[in-house]
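Peer 1: sharing a model that was predicted from the sequence below.
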Amino acid sequence: MRVTIAAIGKAKPGILRDLYRHYAERSRWPVVLKEMEVKAKLPAPEMMAREAALLLEAVPSGARLVALDERGRDLSSADLAATLGGWRDGGTGDIAFVIGGADGLDENVRRQADLLLAFGRATWPHMMVRGMLAEQLYRAQQILAGHPYHRE
Ligand SMILES: C[S@@+](CC[C@H](N)C(=O)[O-])C[C@H]1O[C@@H](n2cnc3c(N)ncnc32)[C@H](O)[C@@H]1O
């Protein structure tokens, strides 16, 4: 199964980029990170709409879409693994995760998502969410493989 992560912002060298890479490089599923940004100062609703267009453009056609959003479902790692494993076993070839910018995700993206996924109700910096997501993807693969990396 191929994974696309479409994310607002371009990571600078530093600990958050290293955190993301640390886990993304361990993934058995190939992961492509697509970074994008709108180079304009716009009011939040317009910015979110422009960002939404870029994010959705980066999603491979036919992909399952997971939108990272603090208002989403707070799944356990085991439940996330089961969801991803179910999609994989059902023939899904591509999964795309989208991560918003400072203003969050436009309703248009949230509406189109197969799953709105929350890492708790706290608001995390978008660059940190990439690393957290990469770790959860790695953990999901270990769970599906029956590896003791994850312990209940
Ligand atoms: C700084 S947050 C944006 C916060 C924005 N005020 C909002 O209401 O969504 C940037 C992005 O990081 C991701 N994010 C932040 N906290 C999250 C959480 N608890 N769960 C899932 N994703 C989160 C989301 O994709 C969000 O669009």
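Peer 2: Nice, I can see it.
Peer 1: wait, residue 2 touches residue 93, no?
Peer 2: Yes. Contact criterion C-beta atoms under 8 Å: residue 2 and residue 93 qualify, at 6.3 Å. Every C-beta, even on glycine, is put in place using the N, C-alpha and C of the backbone.
Peer 1: now do the strands in the chain.
Peer 2: 2-8, 31-36, 64-73, 94-99, 115-117 (DSSP state E).
Peer 1: what comes up buried for the third one?
Peer 2: For strand 64-73, a neighbour-count test (16 or more other C-beta atoms under 10 Å) marks 64-70, 72 as buried.
Peer 1: compute the inter-axis angle for that strand and strand 2-8.
Peer 2: 60 degrees (axes from the mean of the first three to the mean of the last three C-alpha atoms, to 10 degrees).
Peer 1: list the contacts of the residue nearest in space to the middle of the chain.
Peer 2: Nearest residue to the geometric centre of the chain (C-alpha atoms, centre = their mean): residue 97, 3.3 Å. Contact analysis of residue 97 by C-beta atoms under 8 Å, 6 or more residues apart in numbering lists 3-6, 66-68, 117, 133.
Peer 1: and residue 62, by the same measure?
Peer 2: With C-beta under 8 Å, 6+ apart, residue 62 has these contacts: 93-94.
Peer 1: ok, it to the ligand distance?
Peer 2: 22 Å (C-beta to the nearest ligand atom, to the nearest Å).
Peer 1: and if you look at residue 68?
Peer 2: For residue 68, the distance to the ligand - C-beta to the nearest ligand atom - is 4 Å.
Peer 1: off-centre distance for stretch 71-91?
Peer 2: 13 Å (C-alpha atoms, centre = their mean, to the nearest Å).
Peer 1: buried residues, that stretch. List them.
Peer 2: Neighbour-count burial for stretch 71-91 [16+ other C-beta under 10 Å]: 72, 75, 80-81, 83-85, 87-88.
Peer 1: likewise stretch 44-57?
Peer 2: 47-48, 50-52, 54-56.
Peer 1: so how far is residue 118 from the nearest residue to residue 119 once chain neighbours are set aside?
Peer 2: Nearest non-adjacent residue to residue 119, counting by C-beta to C-beta, 6 or more residues apart in numbering: residue 132, 5.5 Å away. Distance, residue 132 to residue 118, by C-beta to C-beta, to the nearest Å: 11 Å.
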